[in-house]
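**Q** This is the structure alone, sequence omitted:
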DNA sequence: AAATAATCCTGCGGGC
DNA sequence: TGCCCGCAGGATTATT
């Protein structure tokens, strides 16, 4: 499931071979993603050069000469560079062809998106109200503390809210709270400034680590034509229900918060 | 404004 | 072997 590190890994993996190249063809085999893909894409995109590939939250921004393609991988999406003529498999919905190479979107669950927007992407309704990027200085202990002051909700839910900070999904929310030693059920506004600093740092550390891990497997990931999937990280809490905490051996506990599973160590996290 | 629930969709594992 | 069921999950949208 792509969280911010996987999206960033994807961006870094595909950018070098595509930037500066022009689209020669667009193939839409199934445009029924989260929102219908503009069926006129194959008409107006060819001929345009990819100027830059950026990321905002978990959105990928493909900047072209006359607009931007806003991509999202949803829960099951992946982007791969394949030979242009490579036979598509089930769930390979869209090809952006750049000469002999194609950028292929695969998304079994079709929660992803591919939206054309002419104009400033940051003004797009999906992007305009987003909170700070976790790896930038605009997100730190002080800003986190301030944004949590009015929040009664559990801290796990708060850090998964894109108004507070973007890019923290279910997996890394549990991992960050474990690293910070904070119980996921703690009401957000009860966290001291010091604990907010600790948590902000933990989020940065966890996400950075995951990006590095992704980077180390980039070569395998992008040159494999099978589906090796994303680099599997060693998690401290996530999906380790009943297993021994790596620090104190206490069994990891699993609870439900907001219809999502949360994992934590009842001893290390208070 | 904030909290909660419903929703989109498919693959997979467990139980029988 | 195969069917049914529950679960997984990002983020928008609607509702309270």
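**A** Thanks, I have the structure now. All of these numbers come straight from a predicted model, not from anything done at the bench.

**Q** per-domain residue ranges of chain A.
**A** A:4-123, A:141-264 (automatic domain parsing).

**Q** mean pLDDT for the ones you listed: which is lowest?
**A** Looking at those, the lowest mean pLDDT belongs to domain A:141-264 (a mean of 85).

**Q** can you put the domains of chain A in JSON lines and add mean neighbour count and distance to DNA strand B?
**A** Backbone N, C-alpha and C define where each C-beta goes, glycine included. Output for the domains of chain A, formatted as JSON lines (neighbours: other CB atoms under 10 Å; distance: least, CB to the nearest atom of the strand, whole Å):
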{"stretch": "domain A:4-123", "mean neighbour count": "17", "distance to DNA strand B": "4"}
{"stretch": "domain A:141-264", "mean neighbour count": "17", "distance to DNA strand B": "3"}
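
**Q** okay if I get the ones you listed as CSV plus distance to residue A:134?
**A** Output for those, formatted as CSV (distance: least, CB to CB, whole Å):
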stretch, distance to residue A:134
domain A:4-123, 7
domain A:141-264, 5
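
**Q** Mind putting those into JSON lines with distance to DNA strand C?
**A** Formatted as JSON lines, the domains of chain A follow (distance: least, CB to the nearest atom of the strand, whole Å):
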{"stretch": "domain A:4-123", "distance to DNA strand C": "3"}
{"stretch": "domain A:141-264", "distance to DNA strand C": "3"}
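
**Q** Out of those, which is closest to residue A:133?
**A** domain A:141-264 (6.3 Å; CB to CB).

**Q** hang on, residue A:247 packs against residue A:264?
**A** No: when contacts are counted by CB atoms under 8 Å, residue A:247 is not listed as touching residue A:264 (12.0 Å).

**Q** Of all the domains of chain A, which one is nearest residue A:131?
**A** Across those, residue A:131 has its closest neighbour in domain A:141-264 (4.9 Å, CB to CB).

**Q** and that closest one, how far apart are its ends?
**A** Taking CA to CA, to the nearest Å, domain A:141-264 runs 22 Å from one end to the other.

**Q** can you pull out the helices in the stretch 101-250 of chain A?
**A** For the stretch 101-250 of chain A, the helices defined by DSSP state H, counting those that start in this stretch occupy A:141-148, A:155-159, A:170-180, A:193-216, A:218-223.

**Q** Of all the ones you listed, which one is nearest residue A:71?
**A** helix A:218-223 (16.3 Å).

**Q** now the following helix or strand past that closest one and helix A:170-180, what's the angle there?
**A** Per DSSP states H and E, helix A:218-223 leads on to strand A:253-257 as the next helix or strand towards the C-terminus. Strand A:253-257 runs at 120 degrees relative to helix A:170-180, counting by axes from the mean of the first three to the mean of the last three CA atoms, to 10 degrees.

**Q** Thank you, goodbye.
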